[in-house]
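1. what would the 3D arrangement of this be:
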Amino acid sequence: MSTRRKIAFNIFYLAAGQGLSWLLASVVVLVIPAYLGPEGMGMFSTVSAISGVVAVLALLGTNVYLLREVAKNPQEAQELVGSAVVLCVLAGLVCWSITLIVFIFSGVSDTMHQLIYISAIGSILSVSVVPLRSALQGQDKMQYNLIEVLFSKGLSTVLVFVVIALNMGILVLAGSGLLAIIPTIFIFWRAFLKNGKTKVAKDVSTYVKLVKGGYYFLITDISFNIYLYLDTMLLAAFTNDRIVGYYSLPVRLFGSLLIAPVIVGQALLPSLSRRAASNEAENNMLARKLLQFLICLSIPIAVGTSVMAGPLIETLYKGEFNPSIPILIILGWTTIPTYLGIGLYQILVAQDRQKSWTKVMVMAIFLNLGVNVILIPLYQNMTGDGAVAAAISQLATEVIIGICGFIIIGSSILNKSLLLIIVKSAAAALVMAAVIWPLREQFILLPVLLGVAIYGVLSIPLFGLDGEIKQMFKKFTAQRLKAN
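-> Have a look, this model is predicted:
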C-alpha cells in the first residue's frame, strides 16, 4: 500500500474513532457536571488530574517510543511490546502505592479516598494495553482504535447514563469506568496476538533499552501532564471544590477540541518518521501541510468559541455554571497555539529531536507555575474567581510554547505561506463571526452549523485547491475531453 493510501486510511480510522469518541465523550461531559454539580465535579476532576499524572509516570515514555520504533522495525515489536507491558504495570503498581500512602495521611474526605482507590485500579488496567495500542499504530493498524471506541466507549457511555438514571452516586459513577476497560484489554491483546506470540525479555538489556528510549518522551510527558493538570491542582490548593468545578467544565470542553490535531498527528507520525530518515524534502513538505491544516482549523474554533461560549453554557447547564463562560472563551483562543504545539511536537519526534521539546515543556512548567501562583490568589481575593486567572496563565504559556517550537523547527519548514494561511483563516473566521453573532441566542445548532458552512464555503476561494488536487482535476478533465 502506498504512503498516501496508508495516511488516508490512518486518518479515516482515527477520525472515525476519535469522532465517535468525541461524540460519546461530549454526551458524558454534558450530563456528568449537571449530575454532580460544581463541588462534585471539582472532586471528580481533582482525582482525574492525579490519575493522569500517575499514569504518565507508569508508562515511562514507552508509548511514543514504541510507536516510532515499530514503524521503523516491525520485527522488534513482539519482544519490545511484551516487555513494555510488564515494565509499565510494575511501574504503575509502584507509583499508585506511593500515591495511596500519601493520601492516607493527607486528611481528605472518605469519598476522595475511595475515588483514589477506584482510579488506581482503572489506571493500572489501562496502562497494561497502552504498549499494544502504540505497537499497532506503529504498524499502521489504526482500525483497532475505532473498534475500541465502539465497544469500550460505547459501554462506558451506557453505564454513565444507567448510574445517573438510578442516582447511584459519584463512587459508582467512577467505578463504572472499570467495567468499560475490560473490552479494551480484550481488543488489543487479541489484535496484537494475531501477528504472533508476544515475548517477555528475561535479560535486563531490553528493559534498559525501553527506559533509555522512552526517557525524553517520559520527561516530555511528565512535563506536559504536570503542566496540563497544574492549574487544577493549584486551584484545589488556593480555592475550593466549587471553583475547581467551574474551571474543570470548560477544560473538559476544551479537551474535546483537541481531537482533530491528535488524529492527524497520530496518522502522520509513522510516515513522518520514515520520511525524516530517507527524504528530507518530502518530510518538510508533509510537515508544512500538517501545520497549515492546524492553522486553518484552530482559528475558526477560537473565534466561534468566543461567540458561542455564553449561549452554550447557559443552554446546557441552566445558569449553574455561568462563571465558566469567560474561562471557556479564554481557553477557546488557547486552541490556536495548542494545535500548533501538537503539530510541532509530532514533527520533532519524527526527526528524533524530542530532546528540544522536552526542554520547552520543562520551561513551560515553571512558567505556568509562577504565573498561576501569582494570579490565582490575586484573582480569588479580588473577584472570588481564581479560575479565570488559571485560564489566562494557560493561554500565555501556550503562546510562549508555540513561539519556542517555531524557533526550534527553523526555516526549513516555516515559510511565508504559513503567515498567509493565518491571515486568510482570520479573515474567513471574522466573516463567519459577523454572520452568526446576531443568531447566537437562537437554537444553538443553527449558528454552529451555519458557522461551519460559511467558513467551509469561504475556504474555497480564500485558500484555493491543493496543487496535487488541481493536477488530478486537470488530468481527469483532459481524459474526459479525449474520450469525447
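2. what about Asp140, which SS state?
-> In terms of secondary structure, Asp140 is coil; the call rests on DSSP: H, G, I helix; E, B strand; the rest coil.
3. that one and Leu115, how far apart?
-> Applying C-beta to C-beta, to the nearest Å, the value for Asp140 to Leu115 is 38 Å. For every residue, glycine as well, the C-beta is placed using N, CA and C.
4. so for the two, which sits in the more crowded spot?
-> Under the criterion of other C-beta atoms under 10 Å, the comparison of Asp140 against Leu115 puts Leu115 first, with 25 against 21.
5. how about that one, what does it touch?
-> Residues in contact with Leu115 (C-beta atoms under 8 Å, 6 or more residues apart in numbering) are 43-44, 47, 170-171, 174.
6. now the helices for the stretch 251-400 of the chain?
-> 259-278, 280-317, 325-350, 354-383, 387-409 (DSSP state H, counting those that start in this stretch).
7. could you check the angle helix 280-317 makes with the helix or strand following the last one?
-> Under the assignment DSSP states H and E, the closest C-terminal helix or strand after helix 387-409 is helix 416-436. Between the axis of helix 416-436 and that of helix 280-317 there is an angle of 20 degrees, by axes from the mean of the first three to the mean of the last three C-alpha atoms, to 10 degrees.
8. how far does helix 416-436 sit from its chain's centre?
-> Distance of helix 416-436 from the chain centroid (C-alpha atoms, centre = their mean, to the nearest Å) equals 24 Å.
9. kindly report the same for stretch 314-330.
-> That offset, for stretch 314-330, works out to 22 Å (C-alpha atoms, centre = their mean).
10. for that stretch, C-alpha coordinates in PDB please.
-> In PDB, the C-alpha atoms belonging to stretch 314-330 read as follows (Å, rounded to 0.1, in the frame of the first residue of the first chain):
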ATOM      1  CA  GLU A 314     -26.400  28.800  29.600                       C
ATOM      2  CA  THR A 315     -28.300  26.300  27.300                       C
ATOM      3  CA  LEU A 316     -26.700  23.200  28.700                       C
ATOM      4  CA  TYR A 317     -26.400  24.000  32.400                       C
ATOM      5  CA  LYS A 318     -29.200  26.500  33.000                       C
ATOM      6  CA  GLY A 319     -27.000  29.100  34.700                       C
ATOM      7  CA  GLU A 320     -25.400  26.700  37.300                       C
ATOM      8  CA  PHE A 321     -22.000  27.000  35.500                       C
ATOM      9  CA  ASN A 322     -22.200  30.600  34.200                       C
ATOM     10  CA  PRO A 323     -18.900  31.500  35.900                       C
ATOM     11  CA  SER A 324     -17.300  29.100  33.400                       C
ATOM     12  CA  ILE A 325     -18.200  31.300  30.400                       C
ATOM     13  CA  PRO A 326     -15.200  33.600  30.500                       C
ATOM     14  CA  ILE A 327     -12.900  30.600  31.200                       C
ATOM     15  CA  LEU A 328     -14.200  28.900  28.100                       C
ATOM     16  CA  ILE A 329     -13.700  32.000  25.900                       C
ATOM     17  CA  ILE A 330     -10.100  32.200  27.100                       C
END
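11. can you point out the buried residues in that stretch?
-> For stretch 314-330, a neighbour-count test (16 or more other C-beta atoms under 10 Å) marks 314, 316-317, 320-321, 323-330 as buried.
12. re earlier: nearest to Leu218, out of the helices of the stretch 251-400 of the chain?
-> Distances from Leu218 to each of the helices of the stretch 251-400 of the chain were compared using C-beta to C-beta; the shortest belongs to helix 354-383, at 9.0 Å.
13. between helix 387-409 and that closest one, find me the angle.
-> Per the same axes, to 10 degrees, the angle that helix 354-383 makes with helix 387-409 is 160 degrees.
14. which elements pack onto helix 354-383?
-> Here helix 354-383 is seen to pack against helix 204-238, helix 325-350, helix 387-409 when contacts are counted using 3 or more C-beta pairs under 8 Å, 6 or more residues apart in numbering; DSSP states H and E.
15. so how far is the second one off the chain centroid?
-> Put simply, helix 325-350 sits 10 Å off its chain's centre (C-alpha atoms, centre = their mean).
16. mind giving me the packing neighbours of it?
-> helix 62-72, helix 241-256, helix 259-278, helix 280-317, helix 354-383, helix 387-409.
17. please redo it, this time with the cut-off set to 6 Å
-> When contacts are defined as 3 or more C-beta pairs under 6 Å, 6 or more residues apart in numbering; DSSP states H and E, helix 325-350 packs onto helix 241-256, helix 259-278, helix 280-317, helix 354-383, helix 387-409.
18. same thing with the longest one?
-> If contacts are counted by 3+ C-beta pairs under 6 Å, 6+ apart, helix 204-238 sits against helix 3-59, helix 62-72, helix 77-104, helix 241-256, helix 354-383.
19. pLDDT (mean, whole number) over the longest one?
-> Averaged across helix 3-59, the pLDDT comes to 73.
20. look up how far Met432 lies from Ala302.
-> 11 Å.
21. please apply the same query to Tyr345.
-> Tyr345 is 28 Å from Met432, where distance means C-beta to C-beta.
22. quick one: which of these two has more around it?
-> Residue environment comparison for Tyr345 versus Met432 gives the larger neighbour count to Met432, 25 against 22, counting by other C-beta under 10 Å.
23. which residues are in contact with the more buried one?
-> By C-beta atoms under 6 Å, 6 or more residues apart in numbering, the residues touching Met432 are 451, 454-455.
24. related to what we said a few turns ago, weakest of the helices of the stretch 251-400 of the chain in terms of mean pLDDT?
-> Mean pLDDT values for the helices of the stretch 251-400 of the chain show the minimum at helix 259-278, a mean of 68.
25. as JSON lines, the helices and strands packed on helix 325-350 with distance to Lys194 would be great.
-> Output for these, formatted as JSON lines (distance: least, C-beta to C-beta, whole Å):
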{"stretch": "helix 241-256", "distance to Lys194": "32"}
{"stretch": "helix 259-278", "distance to Lys194": "19"}
{"stretch": "helix 280-317", "distance to Lys194": "30"}
{"stretch": "helix 354-383", "distance to Lys194": "30"}
{"stretch": "helix 387-409", "distance to Lys194": "38"}
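26. what's the most buried one of those?
-> helix 241-256 (a mean of 23; mean count of other C-beta atoms under 10 Å).
27. what helices and strands are in contact with it?
-> Checked by 3+ C-beta pairs under 6 Å, 6+ apart, helix 241-256 has helix 3-59, helix 204-238, helix 325-350, helix 387-409 packed alongside it.
28. next, the angle from it to helix 354-383.
-> Orientation check (the same axes, to 10 degrees): helix 241-256 against helix 354-383 gives 140 degrees.
29. please renumber so the chain begins at 753
-> All set: I'll call the first residue 753, so the last point we hit is now helix 993-1008.
30. how far does helix 993-1008 sit from its chain's centre?
-> Centroid displacement of helix 993-1008 relative to its chain, using C-alpha atoms, centre = their mean, is 15 Å.
31. stretch 976-986 too?
-> What separates the centre of stretch 976-986 from the centre of its chain is 14 Å, taken as C-alpha atoms, centre = their mean.
32. state the distance from Leu888 to Val882.
-> 11 Å.
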